[in-house]
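Student: Predicted model follows, preceded by the sequence.
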Amino acid sequence: MVVKGSVFKVTTRSGRQVWRFQIDCGRDANGKRIRISKSGFARQKDALEALQQQLQQLSKDRFPPSKMPLSRYLDEWLPAHARSKPLEATTIERYESLLAHVKRALGHIPLAGLSTYAIECFYSSLRAKLAPKTVREVHSVLHVALKRAVKARLIPTNPADGADLPRWVPREARALNPDQLAKLQAAAAGTRWDLLIRLAAATGARRGELLALRWSDFDRDAKTLRIERSLFFAKGQLGFKPTKNRQARVVAIPPSLAPYLDLHRELQQRDRALFGPDYRADLDLILCNPDGSPLRPDSVSWAIRDVARRAGLPGVGLHTLRHTHASALLAAGVPLTNVSRRLGHRDAYTTATIYAHALPDTDAEVATLWDRLVSEAWRGTKWHTEGTPQQAKSLKTQSEGWRPQRDSNPRCRLERAVS
C-alpha cells in the first residue's frame, strides 16, 4: 500500500486562510478511508515540512527493523542482482572486490542500523588507501544494493543517499606522438609482442578484443578484421564473451600491416607442427601461446608495460595505444562517427566525451566562416554597407528611425522616435 500526502489551502470559520496537509493511509477493515490531516499553517512551506516529517514517521512505523547484518545481505543480493541483469563474470568479480571493502568495515552492522554518517566515515577511511575514483565505485555498488533493500521493504530509506563523496577529476587520456610510437614498436621488434602492438595502434581495439581475434576474422584480400568477441579472465578461468557493446564491427587495417600478419602466420605454423595434436587448432587464435591456447590478459598488460619501460616510456600500456589511435585520427580531421565505429563505442557522444581534447580547435575558422556567410546573406539588403561600422550604424539609424531613450524606469529601452 502506497501512502500519499497533499498540501492545500483552506478557509477557517473566522474567514482566515491557512494551509493544511492530508495523508491518505488507505482503508480500515470496514472499508472506511483512513486519513491523517493537520491545519493551521501560515505558509505552504511549513505545511510541506510537517507533511514530510509525518510521512517519515509513518514509514518507520511500517518497516520493522531488520537484524540481518549488512555482510549477509550483500552476499545474498549480489548473486540475485547478477542473474537479473545479467552481469558479465568480470563485472561480478569487480563488484565482489569493491564490496569486500564494505563488508570488512561495515559488515557487522545490522542493515536497519546502517546510517549515512557511518557510510561517510567509511568513505573517509577508504580515501587514505584508495583512489577517489575507486571510492566512488564502492559507493555506486553499495547504493544500488541498498536501493534494492528499500524496494524489498527491509529498510525505509537508503542511507547511502546524500553521502559525501571524494572529488574526482577524470584524467586526460594519454596518447603517444609518432616518435614515441616508433620507439615502442622498435623496442618490440623481434619479440612475440610486435604484432600485438602494431595491431593495437592500427585498429584501436580493446585488449580482450585483440586477444580473441581468429584467423577466420582476417580477410586478406579486403584487408579487414572482424571484431565480434572479447577474451576475459575471471575466477581463474579464461573465456570468450561478446564485445562491450555486444555488436560486431569490421575494421580496415593499413596495407603495411598485412605482411606482419603473414609472417606471424608462418611462425605460428612452425609451432603447430612442433606441438602436433596438442596444438589448440580449434581456437584458431591469431595472438596466442606457442601451443595455441589463449593468452592471459593481465600477463599481456604487464608484458607490454615492460616493453614500454625498455623503450623509455614508463606508464604506457596497451590501452594507451587505443587512445593514440583515436587521438591521431581525430586530430587529422577524420569524422567523429568514423572514429567511434572503429573504436566500437556505443555512440559518437561517448567518443566525443573521452577525446574532446583531441578534436581540432577550429574556433577561429568558424568565426571567419560566420563573417563570410553573414556578409553574403546581407549583401544587397538595406542593412549591407561596404563602408565602416560607423557608416553602417548611421545607415541603420536613419533608415529605421530608432534611437535610445531613457524613461522613468532606470533601465534603458529602445523606443521608436516620434517626430
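Tutor: Received the coordinates, thanks. Please read these numbers as outputs of a predicted model, since none were measured by experiment.
Student: How is the chain partitioned into domains?
Tutor: 4-62, 70-151, 178-358, 364-397 (automatic domain parsing).
Student: Figure out which of these is closest to residue 159.
Tutor: domain 70-151 (4.8 Å; Cβ to Cβ). (Each C-beta comes from the backbone N, C-alpha and C, glycine too.)
Student: Give the burial count for residue 135, as a bare number.
Tutor: Close neighbours of residue 135, defined as other Cβ atoms under 10 Å, add up to 22.
Student: Revised request: answer the last question for residue 268.
Tutor: Around residue 268 there are 18 residues (other Cβ under 10 Å).
Student: Remind me which helix or strand it belongs to.
Tutor: helix 258-275 (DSSP states H and E).
Student: Tell me the helices and strands packed up against that helix.
Tutor: In terms of contacts (3 or more Cβ pairs under 8 Å, 6 or more residues apart in numbering; DSSP states H and E), helix 258-275 is packed against helix 194-203.
Student: Distance from the helix it packs on to the middle of the chain?
Tutor: Helix 194-203 has its C-alpha centroid displaced from the chain centroid by 26 Å (Cα atoms, centre = their mean, to the nearest Å).
Student: would you put the C-alpha positions of it in CSV?
Tutor: Taking C-alpha atoms only, helix 194-203 is exported to CSV below (Å, rounded to 0.1, in the frame of the first residue of the first chain):
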residue,chain,number,x,y,z
ASP,A,194,55.5,-7.0,-32.1
LEU,A,195,52.3,-7.8,-33.9
LEU,A,196,50.1,-7.2,-30.9
ILE,A,197,51.4,-3.6,-30.5
ARG,A,198,51.1,-2.9,-34.2
LEU,A,199,47.5,-4.2,-34.3
ALA,A,200,46.5,-2.2,-31.2
ALA,A,201,48.0,1.0,-32.6
ALA,A,202,46.5,0.5,-36.1
THR,A,203,42.9,-0.6,-35.0
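Student: residues in contact with the helix holding residue 268?
Tutor: 194-195, 198, 215, 218, 220, 223, 279, 281, 286, 288, 290-292 (Cβ atoms under 8 Å, 6 or more residues apart in numbering).
Student: Residue 197 is in contact with residue 186, isn't it?
Tutor: No. If you go by Cβ atoms under 8 Å, residue 197 and residue 186 don't touch, sitting 10.4 Å apart.
Student: If you count surrounding residues, which of these two has more?
Tutor: A count of neighbours by other Cβ under 10 Å puts residue 197 above the other of residue 197 and residue 186, at 22 against 12.
Student: Run a quick neighbour tally on the closest residue in space to that one that isn't next to it in sequence.
Tutor: Nearest residue to residue 197 in three dimensions, chain neighbours excluded: residue 188, at 4.8 Å (Cβ to Cβ, 6 or more residues apart in numbering). By the criterion of other Cβ under 10 Å, residue 188 has 21 neighbours.
Student: Each with direction, which strands does whichever strand in the chain runs longest pair with?
Tutor: Longest strand in the chain, counting residues (DSSP state E): strand 17-27. Strand 17-27 sits in its sheet next to strand 4-11 (antiparallel), strand 33-41 (antiparallel), going by DSSP bridges.
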